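K.L.:
the following block contains a protein sequence and its predicted model.
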Amino acid sequence: MLRPVGQGSSTGRPQILRESILAAYRAGPEAVISLVQYLQETHEAELRLLRHRIFGRRSERLTPEEQKQSTLFDEAEMSLAAPSDQAPRTGVTVAAHTRAKPGRKPLPADLPREEVVHDIPEDQKKCICCGQPLVRIDAEISEKLDVVPAQMKVIRHVRPKYACKSCDGLRDEHPVKIAPMPPQIVEKGIATAGLLAYVLVSKFCDALPFYRQQTMFRRIGVELSRTDFCNWAVQVGRAADPLMSIFLDEIRAGPVVQMDETHLQVMKERDRADTTKSWMWVMRGGPPQTPLILYRYHPSRQARIPLEYLSGFKGHLQTDGYEGYHLAGSLPDIVHVGCFAHCRRKFDEAAHAAGKGGSAHEALAHIAKLYHIERQLRTQHLSEQDFVQARKAQALPILAEFKQWLDTRAMQVPPSTHLGKALHYALQQWDRLMRYLDSPYLTPDTNAVENAIRPFVLGRKNWMFSGSPGGAHASATLYSLIQTAKANGIEPYRYLRYVFTKLPFAHSRQDYLALTPHHLDQADFENHSL
């Protein structure tokens, strides 16, 4: 019996290939021909997938051709959606919507307006027929957008000094009176809350490294060093640490936590080479309507890390298939939920590796039905209980059909192929994949936390590494503040400027809690932002 060539680690594949060739040679010509055909098909699949990764679309949405192919497997869904007294309909049902008017969108009403009047000369303001003065009846208005480059201003803090001229204050311990400086988030520096917010949003939201910002500031006549930028980020990160503790407590108190992780490179870690991978862990949870996003830097990817972060949490933990989450998911108070997006991604790769045709499209069609149900139910504004019941009633038959298909194909497809790996992943994760049905706060995937981690990945391509563990810790804190603001519909610069202004005056837990997006004093925030 021949051993599949694709199994085993990459370092063991040459040895496995030699063993397979020898076994085929001993078995006879037919076995050699079969092995050659198998190797050719495997290499062609790898080449198709490689070409797709390099030249293909990044989006995982189905192309029109793929959608047409997926409809070959949609008969069950169409018959389920059709009325019982009518034949199944073909085509696509589109939810009711209002088509937006074509043309340019109006400029924001809160932008300042400057009027420029273009009037006719005075000698033309008389009627050429009767000579009477013309009367203004209306005006034609067109708006154009202008941009003023970033302008710097220096805020001078003037503190008058007072002393007694009569006795020189001989019996006073403090003969010269002067008002204290107001607390600043960066003491003894030139940075205001506005400058800090601008620089840090530019890096951690817009992915502009500090060295590029240094050049931009120089163009408008201001010399600022990257060292200053780095020091400011570290100091702000330390000042915001109490906020991160509140973020973690609020996330643990919510019904659902989504987790993900990605690697980064950190310099000057103790007893570690600079080329060693470190990790950025991301958690999304808290109140469902006002979610919190927390980044935490850690040198390790071990299973104990999510266990530490989730200490005291009771609810659903939704992650991808990384084994490091299994330990946390096995706790009695935590229900571990899988991610259909990762499951779908593997079938999508199998479909591209197979080229035209291939049964991976049937798996994609089953998953598409589940997402169609989710989208439809989310627009119906059902109560939590009714939503869960309706989702189970519609999704369970599709899941049962999908599971039967997985079991059947797993017996027919070699496990070393892309489709075989996708089947193995889906069956291994099946119990976790089913659990999203149990809670109205759960979705089929972890796309929300993946969307939160994507800005970090984009920024990493620009700044490449963190210069120290302190810098990585500060980066985690700043990404947490910015992404949480965005998740709650708050403009990041306005939020950071407000937080950086208020942080020096915060002393109690209640003070820090008032700086989280879902506990902001909206009136104070709006007034401060003007």
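P.N.:
Yep, that arrived. It should be emphasised that the depicted structure is a prediction, and the values quoted were computed from it without experimental measurement.
K.L.:
in the chain, which helix or strand is least confident?
P.N.:
Lowest on mean pLDDT, DSSP states H and E among the helices and strands of the chain sits helix 75-81, with a mean of 40.
K.L.:
partners of the helix or strand following that one, with directions?
P.N.:
As assigned by DSSP states H and E, the chain's next helix or strand after helix 75-81 is strand 161-162. Using DSSP bridges, strand 161-162 pairs in its sheet with strand 177-178 (antiparallel).
K.L.:
list the buried residues for the strand or helix carrying residue 456?
P.N.:
Assessed by DSSP H and E, residue 456 sits inside helix 447-463. Neighbour counts over helix 447-463 (16 or more other Cβ atoms under 10 Å) mark 448, 449, 450, 452, 453, 455, 456, 459, 460, 463 as buried. (Each C-beta comes from the backbone N, C-alpha and C, glycine too.)
K.L.:
cool, stretch 429-444 as well?
P.N.:
Buried residues in stretch 429-444 (16+ other Cβ under 10 Å): 429, 430, 432, 433, 436, 437, 439, 440, 442, 443, 444.
K.L.:
rewinding a little: which element follows the helix holding residue 456 toward the C-terminus?
P.N.:
Downstream of helix 447-463, the next assigned helix or strand under DSSP H and E is helix 469-487.
K.L.:
which residues are in contact with the helix or strand following that next one?
P.N.:
On the C-terminal side of helix 469-487, the nearest following helix or strand under DSSP H and E is helix 492-502. Identification of contacts with helix 492-502 by Cβ atoms under 8 Å, 6 or more residues apart in numbering yields 185, 193-194, 196-198, 200-201, 205, 236, 240, 243, 481-482, 485-486, 511, 514-515, 517, 520, 525, 528-529.
K.L.:
residue 113: what's it in contact with?
P.N.:
By Cβ under 8 Å, 6+ apart, residue 113 lies in contact with residue 143.
K.L.:
can you tell me how far it is from residue 144?
P.N.:
11 Å (Cβ to Cβ, to the nearest Å).
K.L.:
for the stretch of helix or strand residue 257 belongs to, buried residues please.
P.N.:
Element membership of residue 257, judged by DSSP H and E, is strand 256-265. For strand 256-265, a neighbour-count test (16+ other Cβ under 10 Å) marks 256, 257, 258, 259, 260, 261, 264 as buried.
K.L.:
which non-adjacent residue is nearest residue 483?
P.N.:
Among residues not flanking residue 483 along the chain, residue 293 sits closest, at 4.4 Å (Cβ to Cβ, 6 or more residues apart in numbering).
K.L.:
returning to what we had before: go ahead and build a PyMOL selection from the buried members of the contacts of helix 492-502.
P.N.:
Buried subset of the contacts of helix 492-502, written as a PyMOL selection, criterion 16+ other Cβ under 10 Å:
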select buried, resi 185+193+196+197+198+200+201+205+236+240+243+481+482+485+486+515+517+520+525
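K.L.:
how about the nearest residue to residue 392 once chain neighbours are set aside, what does it touch?
P.N.:
Setting aside the residues directly before and after it, residue 392 is nearest to residue 437 in space (Cβ to Cβ, 6+ apart), at 5.2 Å. Going by Cβ under 8 Å, 6+ apart, residue 437 touches 388, 391, 392, 395, 396.
K.L.:
which pLDDT value goes with the fourth one?
P.N.:
Read it as residue 395. pLDDT recorded at residue 395 is 95.
K.L.:
for it, give me its contacts.
P.N.:
Residue 395 neighbours (Cβ under 8 Å, 6+ apart): 370, 373, 437.
K.L.:
in helices, which of the residues you listed fall?
P.N.:
Using DSSP state H, 370, 373 are the members of the contacts of residue 395 that sit in helices.
K.L.:
sorry, back to before: now the helix holding residue 456: mean pLDDT?
P.N.:
Averaged across helix 447-463, the pLDDT comes to 86.
K.L.:
sorry, back to before: now for the residue nearest to residue 483: which residues touch it?
P.N.:
Residue 293 makes contact with 282, 283, 284, 449, 452, 480, 483, 484, 487, according to Cβ under 8 Å, 6+ apart.
K.L.:
that one belongs to a strand?
P.N.:
Yes: assigned with DSSP: H, G, I helix; E, B strand; the rest coil, residue 293 falls within a strand.
K.L.:
how close does it sit to residue 453?
P.N.:
Distance from residue 293 to residue 453, by Cβ to Cβ: 9 Å.
K.L.:
roughly how far is the helix or strand in which residue 249 is found from the heart of the chain?
P.N.:
Residue 249 is part of helix 241-253 when elements are defined by DSSP H and E. Centroid displacement of helix 241-253 relative to its chain, using Cα atoms, centre = their mean, to the nearest Å, is 19 Å.
K.L.:
for that helix, packing partners?
P.N.:
Where contact means 3 or more Cβ pairs under 8 Å, 6 or more residues apart in numbering; DSSP states H and E, helix 241-253 is packed against strand 277-285, strand 292-298, helix 469-487, helix 509-513.
K.L.:
and the ones you listed as JSON lines, adding mean pLDDT and distance to residue 210?
P.N.:
Formatted as JSON lines, the helices and strands packed on helix 241-253 follow (pLDDT from 0 to 100; distance: least, Cβ to Cβ, whole Å):
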{"stretch": "strand 277-285", "mean pLDDT": "93", "distance to residue 210": "19"}
{"stretch": "strand 292-298", "mean pLDDT": "94", "distance to residue 210": "18"}
{"stretch": "helix 469-487", "mean pLDDT": "93", "distance to residue 210": "11"}
{"stretch": "helix 509-513", "mean pLDDT": "94", "distance to residue 210": "27"}
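K.L.:
nearest to residue 149, out of the ones you listed?
P.N.:
Residue 149 lies closest to helix 469-487 among those, at 23.4 Å (Cβ to Cβ).
K.L.:
how far away from the center of its chain is that closest one?
P.N.:
That offset, for helix 469-487, works out to 13 Å (Cα atoms, centre = their mean).
K.L.:
that one vs helix 241-253, what angle?
P.N.:
Orientation of helix 469-487 against helix 241-253 (axes from the mean of the first three to the mean of the last three Cα atoms, to 10 degrees) gives an angle of 60 degrees.
K.L.:
for helix 469-487, name the packing helices and strands.
P.N.:
Packing contacts for helix 469-487, counted by 3+ Cβ pairs under 8 Å, 6+ apart, involve helix 193-204, helix 226-239, helix 241-253, strand 277-285, strand 292-298, helix 447-463, helix 492-502.
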